[in-house]
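Engineer: can you look at this prediction? I've put the sequence above it.
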Amino acid sequence: MSSTRPAKLPASVLIHGEALETWPQDLFIPPDALEVFLETFQGPLDLLLYLIRKQNFDILDIPVALIIRQYMEYVELMRKFRLDLAAEYLVMAAMLAEIKSRMLLPRVQPEEVEEDDPRAALVRRLQEYERFRQAAQDIDSQPRLERELFLASVGFQDPEPVKIESRASLNDLVVAFRNVIERSRVNRNFSIDREGLTMREKMAFILRKIQNTSRFVRFEEFFDLRQGRAGLVVSFMAILELVRDDMVVVVQNDPFGSIHVKRNEQ
Amino acid sequence: MSSEAPRSELKNIIESLLVVAEAPLSLSAIQSVFDKDAAPRSDEVEAAIRELQCDYESRSIEVKKIGNGYRLQTRARYAQWIRKLLAGRPPKLSRAQLETLAIIAYRQPVTRGDIEQVRGVAVSPEIMQRLLEREWVRHAGVRDVPGRPELFVTTPQFLAYFNLESLGDLPPLMEQREFAEVAEDLAKDSGLSPPVEALPDVQASDA
Amino acid sequence: MSSEAPRSELKNIIESLLVVAEAPLSLSAIQSVFDKDAAPRSDEVEAAIRELQCDYESRSIEVKKIGNGYRLQTRARYAQWIRKLLAGRPPKLSRAQLETLAIIAYRQPVTRGDIEQVRGVAVSPEIMQRLLEREWVRHAGVRDVPGRPELFVTTPQFLAYFNLESLGDLPPLMEQREFAEVAEDLAKDSGLSPPVEALPDVQASDA
């Protein structure tokens, strides 16, 4: 495994639309693309828009039968893998099927077309969603704080300093921690060194960490955030391996309480 | 400030306030640091801020108006060096977060149901939680319908983070074409086979 | 910066770094934001800082050398107005202070090295000093590894200020969900064949 190339984590290859451009037009979906797929689409409307746009159709003039067939193939795949996620997609599938059957009925008078065209409601929703999808992209592409813009601040020099107690809220603390964790995670996705992630090395690292103490070590201490999400799992599994080999003891005093690890003294 | 103090001194005082403030400063916040009888009029403060803005023309910082306040910020073209200093990548927002935020921003006040209606998927509690935590969004009462669902609106911090003077600065929403306009096209098309020629992309109408 | 960039641009870049820096910047810290082959020499950086110093001559801010670092600060004569501004609303902890405090709170006991590892940047002594002075953080012995680095934990005052009964009351962050996510990545690409049965346990503890 040490020779494996860094995995392309979905989060890092996902630029909406682009990662999927390589998919064959005939809807064959390679199995490993499924996860990318699930993370890429925001829901049935998003998927429909993708199918329509990919083939350059106008929202207002969808070839319904074709889109329905394509949509159902995607939904089938999702059902196969992650049934729970498909609920919203299934509702849409039912709606599409109904539209399709109504389209097959004899045509109505042209002047009543808006009310009676079974596509009208769907088209309205698709348009509405697309507007906000686009707005979200537009907002995201504008300069904002912490990315392009930074607040300018300088130190306050006070010749007769009074003690000013700075303040913070619990919420500030949570946001700060999330940001810092997220940042370290993003960094990792770009610089994971697979060489450092072998299970044997992890097991050795853990044993080194606990061999000189008969005390319990906090579970969290075995995880090096710089090693990425995969690193976390390798660490976790390395601990499981050690438990199985009776090398370490893992203790959790109450449900959801903190977990501690100690070397097995026997 | 004594009234004889030169204009440049007013400018400097304002600058010194802007460089230590952590949120945009309103004219009245600036006026409030002066003794009552020495406080500059708000048009004087505004003029001084305009002068500051000119002074910064060729510099790395600029005055930006956010809501009814002013703040100092670095210009976007210096981000590349600043980011290296601060290390780490800028926080990224997920599409779900951005879409939810966009719907709230353009349609406020909205309920969770409104958001779900537009996006076609359930709004996860986590997404709302994040937006509330960042204080970009807040609760704003309930809608007076059965179930009394909670309403959400954006906050001044939303404007501040996204560098907007007001909600009017949001990028314009794509125009919505009326279904009726193209009803004729639809009538012509059987609907069961793709049109021979693809129509121009709707997105193109988004300037 | 490309080497042809004018001198004023170097000055501006340095200014943009100084206004975002949380602690005094050394010459080498300034040089480190440039690509290797485009980095200015230290005498060039020094010259640019001297120029900045001149530019600020008539302004409310100045460059101050502290140890071997430079920082921007307001001039003493503006303190009277700034004090009034701050009196109304005490300043928030800075981003660096907040992040450091958060890491200590959630991960204690931690060493400075642990914090730097998570934040990806050095933790300046000033930051720790502020948190220690505020009595939200205290020393708690050393870690028994080479170098015997000092450990930091939060204090009862920290709990009291944030209105927490115990550290267990810190809002959960659902970090553990990551394990489940990661397991999939790993199963796919590592050939490690993870013990799939073991993972649901982890997920179950995600409250």
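Structural biologist: Here it is on my side, so go on. Numbering: from 1, shown residues only, chains lettered A, B, ... in the order given.

Engineer: so where does B:Gln73 fall, helix or strand?
Structural biologist: Applying DSSP states H and E as the criterion places B:Gln73 in strand B:69-74.

Engineer: roughly how far out does that strand sit from the chain middle?
Structural biologist: 14 Å (C-alpha atoms, centre = their mean, to the nearest Å).

Engineer: I'd like the average pLDDT over that strand.
Structural biologist: Averaging pLDDT along strand B:69-74 yields 97.

Engineer: ok, A:Asp138 touching B:Met174?
Structural biologist: No: assessed by C-beta atoms under 8 Å, A:Asp138 is found out of contact with B:Met174, at 9.1 Å. Where you see a C-beta, it was placed from the backbone N, CA and C, and this is true even at glycine.

Engineer: ok, now which ones touch the residue nearest the centre of chain B?
Structural biologist: When C-alpha atoms, centre = their mean is applied to chain B, the residue found nearest the centroid is B:Leu159 (3.2 Å). For B:Leu159, the contact set (C-beta atoms under 8 Å, 6 or more residues apart in numbering or on different chains) comprises B:Ile66, B:Gly67, B:Glu165, B:Ser166, B:Leu167.

Engineer: before we move on, back to that, who's more crowded, A:Asp138 and B:Met174?
Structural biologist: Taking neighbours as other C-beta atoms under 10 Å in any protein chain shown, A:Asp138 and B:Met174 compare with B:Met174 leading, 20 against 17.

Engineer: where does that one sit: helix, strand or coil?
Structural biologist: Here B:Met174 is recorded as coil under DSSP: H, G, I helix; E, B strand; the rest coil.

Engineer: how far away is it from A:Leu47?
Structural biologist: Distance of B:Met174 to A:Leu47, computed by C-beta to C-beta, to the nearest Å: 19 Å.

Engineer: which residue packs closest to B:Gln53, ignoring adjacent ones?
Structural biologist: In this structure, B:Gln53 finds its nearest non-sequential neighbour in B:Val63, 4.8 Å apart by C-beta to C-beta, 6 or more residues apart in numbering or on different chains.

Engineer: just the angle for whichever strand or helix holds the one you found relative to strand B:69-74, thanks.
Structural biologist: B:Val63 belongs to strand B:61-66 when assigned by DSSP H and E. If you take axes from the mean of the first three to the mean of the last three C-alpha atoms, to 10 degrees, strand B:61-66 sits at 150 degrees to strand B:69-74.

Engineer: quick one: B:Arg134 and B:Tyr161, what's the gap?
Structural biologist: Separation of B:Arg134 from B:Tyr161 (C-beta to C-beta) stands at 7 Å.

Engineer: residues in contact with B:Ala76?
Structural biologist: By C-beta under 8 Å, 6+ apart, the contact set of B:Ala76 is A:Pro143, A:Glu148, A:Leu149.

Engineer: hang on, the earlier thing: from the contacts of B:Leu159, which is closest to C:Tyr106?
Structural biologist: B:Ile66 (31.5 Å; C-beta to C-beta).

Engineer: test my guess that that closest one contacts B:Leu167.
Structural biologist: No: B:Ile66 is beyond contact range of B:Leu167, at 11.8 Å (criterion: C-beta under 8 Å).

Engineer: tell me which of those two has more neighbours.
Structural biologist: B:Ile66 (22 against 14).

Engineer: can you read off the pLDDT for the more buried one?
Structural biologist: For B:Ile66, pLDDT reads 97.

Engineer: okay, and the beta partners of it?
Structural biologist: Counting by DSSP bridges, B:Ile66 is bridged to B:Gly69.

Engineer: next one: it from B:Ile13, what distance?
Structural biologist: Distance, B:Ile66 to B:Ile13, using C-beta to C-beta: 20 Å.

Engineer: all helices of the stretch 51-200 of chain A, in order?
Structural biologist: Remark: helices assigned in the stretch 51-200 of chain A by DSSP state H, counting those that start in this stretch are A:64-81, A:87-104, A:113-116, A:120-141, A:170-191, A:199-211.

Engineer: mean pLDDT for these: which is lowest?
Structural biologist: The minimum mean pLDDT among the helices of the stretch 51-200 of chain A belongs to helix A:113-116 (a mean of 54).

Engineer: is there proximity between stretch A:46-65 and chain B?
Structural biologist: Yes: interface with chain B: stretch A:46-65 contributes A:46, A:53, A:55-65 (C-beta under 8 Å from any C-beta of the partner chain).

Engineer: need the buried ones from these selected in PyMOL.
Structural biologist: Listed next is the PyMOL selection for buried residues among the residues of stretch A:46-65 next to chain B, using 16 or more other C-beta atoms under 10 Å in any protein chain shown:
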select buried, chain A and resi 46+53+57+58+59+60+61+62+63+64+65
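
Engineer: mind checking which of the residues of stretch A:46-65 next to chain B are in strands?
Structural biologist: The strands, defined by DSSP state E, take in nothing from the residues of stretch A:46-65 next to chain B.

Engineer: and the residues of stretch A:46-65 next to chain B, which is closest to C:Ser58?
Structural biologist: Taking C-beta to C-beta as the measure, C:Ser58 sits nearest to A:Asp46 out of these, at 55.9 Å.

Engineer: for the closest one, list the residues it contacts.
Structural biologist: Taking C-beta under 8 Å, 6+ apart, one finds A:Tyr129, A:Arg133, B:Gly120 in contact with A:Asp46.

Engineer: what does A:Leu170 give?
Structural biologist: A:Leu170 is in contact with C:Phe162, C:Asn163, C:Leu164, C:Leu170, C:Pro171, counting by C-beta under 8 Å, 6+ apart.

Engineer: distance to A:Val174, neighbour count and pLDDT for these - can I get that in a markdown table?
Structural biologist: Converted to a markdown table, the contacts of A:Leu170 look like this (distance: C-beta to C-beta, whole Å; neighbours: other C-beta atoms under 10 Å in any protein chain shown; pLDDT from 0 to 100):
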| residue | distance to A:Val174 | neighbour count | pLDDT |
| --- | --- | --- | --- |
| C:Phe162 | 10 | 19 | 91 |
| C:Asn163 | 14 | 9 | 90 |
| C:Leu164 | 12 | 16 | 91 |
| C:Leu170 | 8 | 18 | 89 |
| C:Pro171 | 5 | 15 | 86 |
